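>>> next input, structure requested:
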Amino acid sequence: MHAGRAESRRAAGTMKHAPDEPPPAAGEPRWRLYWRLTRMHRPIGTVLLLWPTLWALFIASEGRPDGYLLFAFCLGTLLMRSAGCAINDWADRDFDRHVARTRDRPLTSGLIHSWEAVAVFVVLSLVALLLVLPMHPLVWALAVVGAFLAASYPFTKRFFALPQAYLGIAFGFGMPMAFAAVLHSLPPVAWVMLAANICWALAYDTEYAMVDRNDDLKLGIRTAAITFGRFDVAAVMICYALTLGLLAVVGYMSGLGLAYGMGLIAAAGIAVYHFSLIRTRSREGCFRAFNHNNWFGAVVFAGIAADYWLR
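Numbers count the residues shown, from 1 in each chain. As a prediction, the model looks like this:
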């Protein structure tokens, strides 16, 4: 599971060239450099990975997840997001040093070596893989696939017109893993949920790509905002609609009721609010909409949890 290029710029300011990291400090402790490399101080990426994973875990367990599974998937999400940030900085090191906003990152500023970023990725990925050892062998196989997705996502920006779709798979791969951990199988609803997450990632990551469209054009990076062009706002709203439609199908397949439906209605309201933020394509509005997706994920989860707990 990986936050990717958009994640590597999550907390960039609304000014065009505002750095997203403080200037390098003399004698900065090594642990702090690694902390910044893995974006532990920028939690939005972890949250956007965690909500879909919790959706799946609670639906698979009918609202009563095993304590260890809840712990393992929460910690694993944090570890793999951090690992993804490290490998993303390694993959983008030749781009980031030419951008004022990113040139002060630990790797691009030369405070750590390239091999250290790769080592951080490997170590965090291995620790995350250890968490699945007590689980069903199907989860082991899916975890290997998830690690591959995290490592390969940064390179899709070189050739794939919609890297945000690949990001949606990487961000959502905890969903089939959750079903495999609980049910030891992959029912159709797991794949419908993954499809919903792909659409959601296309929506929120396009919002973020709209912030940096001009910089990405200069660097030769491919993003959904560039691919959609003048239809970017419409495309974002279509992706939100597809997300909600697929989540409605998930609710039908899982026998969820009124509370879940109320959660989807709240999420639809949030999507409409995002339209009000991005319709003028201002950098500030698009960035605010992106960050606000935390609440979209939260209200869907609240609907799932409430539906089971009220029974």
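
>>> counting by contacts, list what the longest helix belonging to the chain packs against.
Longest helix in the chain by number of residues (criterion: DSSP state H): helix 283-309. Applying 3 or more Cβ pairs under 8 Å, 6 or more residues apart in numbering; DSSP states H and E, we find helix 283-309 packed against helix 44-60, helix 188-211, helix 258-278. For the C-beta atoms, the positions are set from N, CA and C on the backbone; glycine is no exception.

>>> check which residues of the second one are buried.
Read that as helix 188-211. Neighbour counts over helix 188-211 (16 or more other Cβ atoms under 10 Å) mark 189-190, 192-211 as buried.

>>> report the mean per-residue pLDDT for stretch 278-297.
Stretch 278-297 comes out with an average pLDDT of 93.

>>> buried ones in it, by neighbour count?
Buried residues in stretch 278-297, counted by 16+ other Cβ under 10 Å: 278, 283, 285-297.

>>> with stretch 131-151 instead?
With burial defined by 16+ other Cβ under 10 Å, the residues of stretch 131-151 counted as buried are 131-132, 135-136, 138-139, 142-143, 146-147, 149-151.

>>> phi, psi for His184 please.
His184 adopts backbone torsions of phi 60, psi 30, taken as degrees, to the nearest 10.

>>> where's the closest residue in space to it that isn't next to it in sequence relative to Ser185, distance?
In this structure, His184 finds its nearest non-sequential neighbour in His136, 4.6 Å apart by Cβ to Cβ, 6 or more residues apart in numbering. His136 is 9 Å from Ser185, where distance means Cβ to Cβ, to the nearest Å.

>>> likewise Ile59?
Counting by Cβ to Cβ, the gap from Ile59 to Ser185 is 14 Å.

>>> quick check: angle from the longest helix of the chain to helix 44-60?
Between helix 283-309 and helix 44-60, the angle comes out at 20 degrees (axes from the mean of the first three to the mean of the last three Cα atoms, to 10 degrees).

>>> give the contact list for the closest residue to Arg288 other than its chain neighbours.
Spatially, and ignoring its direct neighbours in sequence, Arg288 is nearest to Leu277 (5.4 Å; Cβ to Cβ, 6+ apart). Residues counted as contacts of Leu277 (Cβ atoms under 8 Å, 6 or more residues apart in numbering) are Gly285, Cys286, Arg288, Ala289, His292.

>>> returning to that earlier point: neighbour count winner among Ile59 and Ser185?
Neighbours were counted for Ile59 and for Ser185 using other Cβ atoms under 10 Å; Ile59 has more, 28 against 11.

>>> quick check: that one touching Met253?
No - under the criterion of Cβ atoms under 8 Å, Ile59 is not in contact with Met253, lying 9.2 Å apart.

>>> any residues in contact with both of the two?
Val189.

>>> from the buried residues of stretch 278-297, which two are the most distant?
Arg283 and Gly297 (23.0 Å; Cβ to Cβ).

>>> okay if I get the contacts of Leu277 as a markdown table plus distance to Ala259?
Converted to a markdown table, the contacts of Leu277 look like this (distance: Cβ to Cβ, whole Å):
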| residue | distance to Ala259 |
| --- | --- |
| Gly285 | 31 |
| Cys286 | 32 |
| Arg288 | 28 |
| Ala289 | 26 |
| His292 | 22 |
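
>>> between the residues you listed, which sits nearest Leu247?
Distance ranking of those against Leu247, using Cβ to Cβ, places His292 first at 17.7 Å.

>>> for Gly261, give its distance to Ile278.
Using Cβ to Cβ, one gets 26 Å for the distance from Gly261 to Ile278.

>>> ugh, typo on my part, it should be Pro134
43 Å.

>>> over to Trp35?
Applying Cβ to Cβ, the value for Trp35 to Ile278 is 32 Å.
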